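Chemist: My questions are about this predicted structure, shown below with the sequence.
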Amino acid sequence: MKKTTNRKRSRATLHDVAAEAGVSIATVSYVLNNSGSISTEMRKKVRKAAAKLGYRQNRAARAMKTGHSDIIGLVIPNIENPFFATLAQAVLLECRRHDLQVFLVDTEGSHDTELKAMQGLVQQGVDGIIVFPIDDTAIGAGIGDDVPVVVLDRDSPDRDLVQAEYAEGGRLLANHLLDLGHKRFGILEGPQVATSAKERSVGFAKAIGRKGKIVWREEHPFSMTLTEVAEKRLKQKDATAVVCGNDLIAMGVIQHLDALGVDVPGDVSVVGFDDIEFSKVVSPPLTTIHLPTAQMGIEAVNLLTRRLRAENVPDSRSRVVLDVELKVRGSSGPAGQ
């Protein structure tokens with residue numbers, strides 16, 4: 001019987017890819033590193049050859065040679081929140097388009113974990129970091145200025161920033177409810193340690209002005225689980241509309257009002273903020289402010305890559321502000337309906 005020997009297939013090299021594509025090694029290197037003035041047709045030809053041979057770049061070796069890892073860090077507070085799941089997916093897809101890898105860290109709402117995560121990412125040699133901080137305090141403290149950081153949502157005077165028109169969202173909600181004849185409002189606003197949460201409430205209160213009355217206003221975690229204070233306020237039944245800091249709070253309010261036998265929107269209107277996917281399927285569907293969540297992630301990646309490549313980015317901080325939109329659904333109706 002003939003004895004066969006399993007021989008490990010040797011790993012394809014740049015030389016192999018160049019021979020397969022019929023080009024120089026330099027051309028292959030330019031294509032795989034997204035550099036040089038190479039035509040689109042030639043890039044496709046080289047990538048096809050690399051795929052055929054199963055060529056894989058040695059990122060560690062490339063990083064030592066170029067000083068770039070082509071890896072970025074993404075730091076978020078809670079991946080279980082649908083808002084952050086949507087955001088993370090947008091960042092991952094956009095990074096793939098830029099041939100970047102992503103280290104994703106969920107800080108679980110911990111300041112200590114957030115700080116250690118960012119420091120750890122720097123030590124791991126990431127090229128840059130996108131972070132959605134827990135609040136406005138000490139964002140990226142202790143990591144220096146060598147690694148570019150793009151901040152999402154929060155207010156950071158020293159970092160590139162991507163956020164939305166939160167105050168405008170508050171104004172849109174106020175005008176919508178006033179148009180429905182509401183005069184008495186309860187507010188369950190998000191944690192006020194974040195400027196974005198403050199702006200939502202401030203925008204709403206300014207638009208209400210003297211046209212209505214805020215009968216109560218309480219700070220609340222971004223969670224469906226209502227606090228005892230929130231439950232107590234809802235039992236008072238003195239507000240015809242409850243304005244919530246985000247959709248999760250609003251869903252918790254609808255659930256609790258239903259348990260109390262209070263009809264939404266017949267007795268009380270409830271509105272949210274963010275427009276997560278679940279807001280469309282809750283009963284009744286939630287009137288809310290649509291945040292361009294995926295676009296925020298895309299803008300953050302593009303801003304970071306421009307910063308890394310020094311492409312049309314000023315030396316000082318850049319700030320990208322995106323528009324919001326009112327989504328009217330079944331959870332809001334005329335006062336006294």
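Modeler: Received, thanks.
Chemist: would you list every one of the helices in the stretch 51-200 of the chain?
Modeler: 59-66, 82-97, 111-123, 166-179, 195-208 (DSSP state H, counting those that start in this stretch).
Chemist: And the average pLDDT for the first one is what?
Modeler: Average pLDDT, helix 59-66: 50.
Chemist: The second one now?
Modeler: Taken as a whole, helix 82-97 has a mean pLDDT of 93.
Chemist: And for the fourth one?
Modeler: Within the predicted structure, the mean pLDDT of helix 166-179 is 97.
Chemist: ok and that helix relative to helix 195-208, angle-wise?
Modeler: Put simply, helix 166-179 runs at 30 degrees to helix 195-208, going by axes from the mean of the first three to the mean of the last three CA atoms, to 10 degrees.
Chemist: Now helix 166-179: buried residues?
Modeler: Buried residues in helix 166-179, defined by neighbour count with 16 or more other CB atoms under 10 Å: Tyr166, Ala167, Glu168, Gly169, Gly170, Arg171, Leu172, Leu173, Ala174, His176, Leu177, Leu178. Placement of C-beta: from N, CA and C, glycine included.
Chemist: pretty sure the second one contacts Ala197?
Modeler: Going back to what we said before, that points to Ala167. No - using CB atoms under 8 Å, Ala167 is not in contact with Ala197, being 11.3 Å away.
Chemist: Now do Glu108 against Asp145, distance only.
Modeler: Per CB to CB, to the nearest Å, Glu108 is found 27 Å from Asp145.
Chemist: Could you do Leu260 as well?
Modeler: Leu260 sits 53 Å away from Asp145, going by CB to CB.
Chemist: the more surrounded of the two?
Modeler: Leu260 (13 against 9; other CB atoms under 10 Å).
Chemist: so who does the residue most central in space within the chain touch?
Modeler: In the chain, the residue lying closest to the centroid (CA atoms, centre = their mean) is Leu87, at 3.5 Å. By CB atoms under 8 Å, 6 or more residues apart in numbering, Leu87 lies in contact with Ile76, Phe132, Leu152, Thr293, Ala294, Met296, Gly297.
Chemist: hmm, which of the residues you listed are the buried ones?
Modeler: Buried among those (16+ other CB under 10 Å): Ile76, Phe132, Leu152, Thr293, Met296, Gly297.
Chemist: Identify all contacting residues around stretch 225-234.
Modeler: 186, 188, 216, 218, 220-221, 239, 242, 249, 252-253, 256-257, 260, 262.
Chemist: Closest to Ala12 out of the residues you listed?
Modeler: Of all the contacts of stretch 225-234, Ala12 sits closest to Pro221, with 52.0 Å by CB to CB.
Chemist: can I get the contacts of Leu87 in CSV with distance to Leu92?
Modeler: Output for the contacts of Leu87, formatted as CSV (distance: CB to CB, whole Å):
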residue, distance to Leu92
Ile76, 12
Phe132, 14
Leu152, 14
Thr293, 13
Ala294, 11
Met296, 14
Gly297, 8
